[in-house]
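Engineer: Quick check, what structure comes out for this input:
(2 chains)
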Amino acid sequence: GIQVEQSPPDLILQEGANSTLRCNFSDSVNNLQWFHQNPWGQLINLFYIPSGTKQNGRLSATTVATERYSLLYISSSQTTDSGVYFCAVELELVFGKGTKLTVNP
Amino acid sequence: EAGVAQSPRYKIIEKRQSVAFWCNPISGHATLYWYQQILGQGPKLLIQFQNNGVVDDSQLPKDRFSAERLKGVDSTLKIQPAKLEDSAVYLCASSSLGAYNEQFFGPGTRLTVL
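Structural biologist: Predicted structure coming up:
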């Protein structure tokens, strides 16, 4: 089956810093979503982005389907951005292991 | 628009007992999914329904897990008998039919098996 790798596994930032999270996948995909799992376990939809670029406030994402990767950009990070960020692909959502982000005040 | 609802939010049982989880998807969403998330890992699909039919249950441990969606709306997932390794968060998600298949997740049920 398709493999999804996320990097880095852990990331610690100071409030206000910018960051880039990466998601590589082993085969072509028709569906890709980015999620933020908050400390209470809720998976929050960030982007549905099988290709192209989208922006939502301080967050943006780019998927280059032909090169099998997606990037999530977080600018001017805030403590509330802390949590685990997951990339998931395909209709049945195969998840990566996530990037655990900690933003310190 | 109401989101995906799940209950209970937490459940603690002894091994070999039975447990059931309930999910009500977003209104109008034909496709419903159950995922298992073990601590420190990403969610893993257990079963996918489209309306009241099973699309994919290849990763469902059928000797102890069962799921149904009889009327094509809400769904139940059952574990009988539970094992220690079943301790996890069970997430339900739903999506609409068509080319745009974004999935939306419920808050999950955290199961602890002692």
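Engineer: tell me the contacts of the closest residue to chain A within chain B?
Structural biologist: Closest contact between chain B and chain A, by C-beta to the nearest C-beta, is at residue B:42 (3.1 Å). Where C-beta positions appear, they are placed from N, C-alpha and C, glycine not excepted. Going by C-beta atoms under 8 Å, 6 or more residues apart in numbering or on different chains, residue B:42 touches A:86, A:88, A:95-98.
Engineer: Need the per-residue pLDDT for the nearest residue to residue B:81 once chain neighbours are set aside.
Structural biologist: Leaving aside its chain neighbours, residue B:81 sits nearest to residue B:16 (4.2 Å; criterion: C-beta to C-beta, 6 or more residues apart in numbering or on different chains). At residue B:16, the model reports a pLDDT of 97.
Engineer: partner residues bridging the spatially closest residue to residue A:8 that is not a sequence neighbour?
Structural biologist: Nearest residue to residue A:8 in three dimensions, chain neighbours excluded: residue A:99, at 6.2 Å (C-beta to C-beta, 6+ apart). On the basis of DSSP bridges, residue A:99 takes part in beta bridges with residue A:85.
Engineer: doesn't residue A:13 make contact with residue A:99?
Structural biologist: No. Using C-beta atoms under 8 Å, residue A:99 is not in contact with residue A:13; the gap is 11.5 Å.
Engineer: Compare the two and say which is more crowded by neighbours.
Structural biologist: Set residue A:99 next to residue A:13 and count neighbours by other C-beta atoms under 10 Å in any protein chain shown: residue A:99 wins out with 21 against 18.
Engineer: and for stretch A:10-24, what are the contacting residues?
Structural biologist: Residues from elsewhere that reach stretch A:10-24, judged by C-beta under 8 Å, 6+ apart: A:4-8, A:32, A:34, A:68-79, A:85, A:87, A:96, A:99-105.
Engineer: repeat that with 7 Å
Structural biologist: Stretch A:10-24 has contacts (C-beta atoms under 7 Å, 6 or more residues apart in numbering or on different chains) with A:4-7, A:68-79, A:85, A:87, A:96, A:99-105.
Engineer: Give me the spatial nearest neighbour of the residue of chain B closest to chain A, chain neighbours excluded.
Structural biologist: Nearest one to residue B:42, counting by C-beta to C-beta, 6+ apart, is residue A:95 at 3.1 Å.
Engineer: Point out the residues in chain A that sit beside chain B.
Structural biologist: Near chain B, the residues belonging to chain A are A:31, A:33, A:41-43, A:45, A:48, A:86, A:91-93, A:95-98 when assessed by C-beta under 7 Å from any C-beta of the partner chain.
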